[in-house]
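Peer 1: need a 3D model of the sequence below.
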Amino acid sequence: MELTFRIGGRTQTVDVPDKNLLGVLEPNEVRAELTGEAAVRQALAEPIGTPRLRDIIRPGEKIAIVTSDITRPMPTWTVMPALLDELYAAGAAPEDITLVFALGSHRGHTEAEKAHLAGERAWREITCVDLNVEDCVHIGTTSRGTPVDIDRRVAEADRRICLGNIEYHYFAGYSGGAKAIMPGVSTRAAIQANHSRMVESAACAGRLKGNPVREDIEEAAAMVGVDFILNVVLDAHKEIIRAVAGGVTAAHRAGCAFLDTLYRKELPRRADIVLVSQGGAPKDLNLYQTQKALDNAKHAVKPGGVIVLMGSCKEGLGEKTFEEWITSAPTAHSLIERIQREFRLGGHKAAAIAMVLENADIYLVSDLPDELVRKLFMMPYHTVEEAYAAAAAKCGPDAAVLAMPYGGSTLPWTGDLEV
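Peer 2: Numbers count the residues shown, from 1 in each chain. Just a heads-up that it's a prediction; the model follows:
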């Protein structure tokens, strides 16, 4: 069968014998009865696991709403009008409501960025602030030893509402839910302690039960107390196609289940060779972005197999810390050891690549110089045909092959993990 993959702005094809092809994974068709603000209002009217927010809030209570920062695709500006209407229906006063942007370990926003994220109405009516890591309250320590130090305005509020978008997260299982609290409004020490567990095998995309990172996050949030969440699922155009509201766990799980209907793909078994593309430009401009497809592909490859990763990467590696970590590492395994000592954004992606290399070889089809690719612990190729021929030579004539032309949007699932 002839398979086609997008790499940057071009396409490449490769012929794989039908007897070897295990399958071709593509996202399911998206169908949504309600979208955008209409979906948000429906979710608020039909919460999961809690009464309506207007029946929870009491007049005079201080309310902290925690939402994503500018590095995330959460459309807070679309969500806030409906949420404010619900709060005002409960008798909440604008001066008692604070919107806190969950920076985690990211940079602070400009005033213009805050105004954009909040949306015109929220920016005008309520207080909108960034996380302040210099003024946190110590709540306690999780059973895994993570300090729970939370922004004072969130910790001391009478009510806490968490916003976010739900997508696969390669070591927390899924985004959304309690992640607004940890790492969203937590200190760097807390983030280091929590995220250092990304190296454990159960810390992976699509897994909730037994995931040490996710369970630690939710334990921390339970210690703080979350009264209500409002999460959304976005389509490829970053438009809301589903919203869920209510209990921090119950509503989040409902959103995760919906996401699975779109992007989780059941497989009968793992493949010897996985051919995976990020889907072309602009998703594969650099290796930092292309890594997302690699991390999904790792769930489909057999131990000792080969992942043929395709991405133009014409703009290079894509992030300074990522580049420093991966190009200076003496071995791939040293990156895993380093992330356990020192969690740093950027460095975590280098460690994630190293974790894949513990299990499989990576053949990279890209526009990067061959010498640089080898320095990244991968084998360089210029066409998918060349890379597949090399992989087939390594794995043998009966090697099972899986194709993932939209690797960043499909999560292979072999049934060996519980959600």
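Peer 1: only C-alpha atoms from now on, for both contacts and neighbour counts.
Peer 2: OK.
Peer 1: so where do the helices sit in the stretch 201-350 of the chain?
Peer 2: Assigned by DSSP state H, counting those that start in this stretch, the helices in the stretch 201-350 of the chain fall at 212-224, 250-263, 287-297, 320-328, 332-341, 347-357.
Peer 1: turn those helices into JSON lines, including mean neighbour count, distance to Gly104 and mean pLDDT.
Peer 2: JSON lines is the format used below for those (neighbours: other Cα atoms under 10 Å; distance: least, Cα to Cα, whole Å; pLDDT from 0 to 100):
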{"stretch": "helix 212-224", "mean neighbour count": "22", "distance to Gly104": "13", "mean pLDDT": "97"}
{"stretch": "helix 250-263", "mean neighbour count": "20", "distance to Gly104": "20", "mean pLDDT": "95"}
{"stretch": "helix 287-297", "mean neighbour count": "24", "distance to Gly104": "19", "mean pLDDT": "93"}
{"stretch": "helix 320-328", "mean neighbour count": "18", "distance to Gly104": "17", "mean pLDDT": "96"}
{"stretch": "helix 332-341", "mean neighbour count": "18", "distance to Gly104": "17", "mean pLDDT": "95"}
{"stretch": "helix 347-357", "mean neighbour count": "23", "distance to Gly104": "14", "mean pLDDT": "95"}
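Peer 1: tabulate those helices (TSV), appending distance to Pro47.
Peer 2: Listed next are these as TSV, based on distance: least, Cα to Cα, whole Å:
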stretch	distance to Pro47
helix 212-224	19
helix 250-263	8
helix 287-297	31
helix 320-328	40
helix 332-341	39
helix 347-357	35
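Peer 1: where are the low-confidence patches of the protein?
Peer 2: Across the chain, the ranges flagged by pLDDT under 70 are 415-419.
Peer 1: give me the most central residue, it.
Peer 2: His169 (3.1 Å; Cα atoms, centre = their mean).
Peer 1: need phi/psi at that residue.
Peer 2: Per-residue torsions, His169: phi -120, psi 130 (degrees, to the nearest 10).
Peer 1: before we move on, what about the one 10 residues further on?
Peer 2: The main-chain torsion angles of Lys179 are listed as degrees, to the nearest 10 and equal phi -60, psi -20.
Peer 1: pretty sure Leu3 is in a helix, no?
Peer 2: No - Leu3: not assigned to a helix; according to DSSP: H, G, I helix; E, B strand; the rest coil it is strand.
Peer 1: assess the claim that it and Val14 are in contact.
Peer 2: Yes - using Cα atoms under 8 Å, Leu3 is in contact with Val14, at 5.4 Å.
Peer 1: neighbour count for those two, which is higher?
Peer 2: Legend: neighbour count by other Cα atoms under 10 Å for Leu3 and Val14, higher for Val14 (18 against 15).
Peer 1: do you know how far that one is from Cys395?
Peer 2: Using Cα to Cα, to the nearest Å, Val14 is found at 17 Å from Cys395.
Peer 1: same question, His138
Peer 2: 53 Å.
Peer 1: for Ala112, same thing?
Peer 2: For Ala112, the distance to Cys395 equals 54 Å [Cα to Cα].
Peer 1: between those two, which has more neighbouring residues?
Peer 2: A count of neighbours by other Cα under 10 Å puts Cys395 above the other of Ala112 and Cys395, at 16 against 8.
Peer 1: ok, now which ones touch that one?
Peer 2: Neighbouring residues of Cys395 by Cα atoms under 8 Å, 6 or more residues apart in numbering: 272-273, 305-306.
Peer 1: make TSV out of those and add neighbour count.
Peer 2: TSV is the format used below for the contacts of Cys395 (neighbours: other Cα atoms under 10 Å):
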residue	neighbour count
Asp272	26
Ile273	30
Gly305	23
Val306	28
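Peer 1: neighbours around the nearest residue to His138 once chain neighbours are set aside, how many?
Peer 2: Nearest non-adjacent residue to His138, counting by Cα to Cα, 6 or more residues apart in numbering: Asp149, 4.3 Å away. For Asp149, the number of neighbouring residues by other Cα under 10 Å comes to 26.
Peer 1: and Glu86, that one's in a helix?
Peer 2: Yes - with three-state DSSP as the criterion, Glu86 is part of a helix.
Peer 1: does it really touch Leu53, like I thought?
Peer 2: Yes - when contacts are counted by Cα under 8 Å, Glu86 is listed as touching Leu53 (6.7 Å).
Peer 1: return every residue with contacts to both of those two.
Peer 2: The contact lists of Glu86 and Leu53 share Leu44, where a contact means Cα under 8 Å, 6+ apart.
Peer 1: these two - which one has more neighbours?
Peer 2: Neighbour comparison, Glu86 and Leu53: the larger count goes to Leu53, with 23 against 20 (by other Cα under 10 Å).
Peer 1: spit out the contact partners of the more buried one.
Peer 2: Counting by Cα under 8 Å, 6+ apart, Leu53 touches 44, 86-87, 90, 228, 246.
Peer 1: how close does the residue nearest to Gly177 when sequence neighbours are not counted get to Ile240?
Peer 2: Excluding the flanking residues, the one nearest Gly177 by Cα to Cα, 6+ apart is His252, at 5.3 Å. His252 sits 15 Å away from Ile240, going by Cα to Cα.
Peer 1: please apply the same query to Phe228.
Peer 2: According to Cα to Cα, Phe228 and Ile240 sit 19 Å apart.
Peer 1: which one of the contacts of Leu53 is nearest to Leu234?
Peer 2: Taking Cα to Cα as the measure, Leu234 sits nearest to Leu44 out of the contacts of Leu53, at 17.2 Å.
Peer 1: checking the closest one next. Helix, strand or coil?
Peer 2: At Leu44, secondary structure determined by three-state DSSP is helix.
Peer 1: how close does it sit to Leu230?
Peer 2: 8 Å.
Peer 1: since that was my last question, I'll sign off now.
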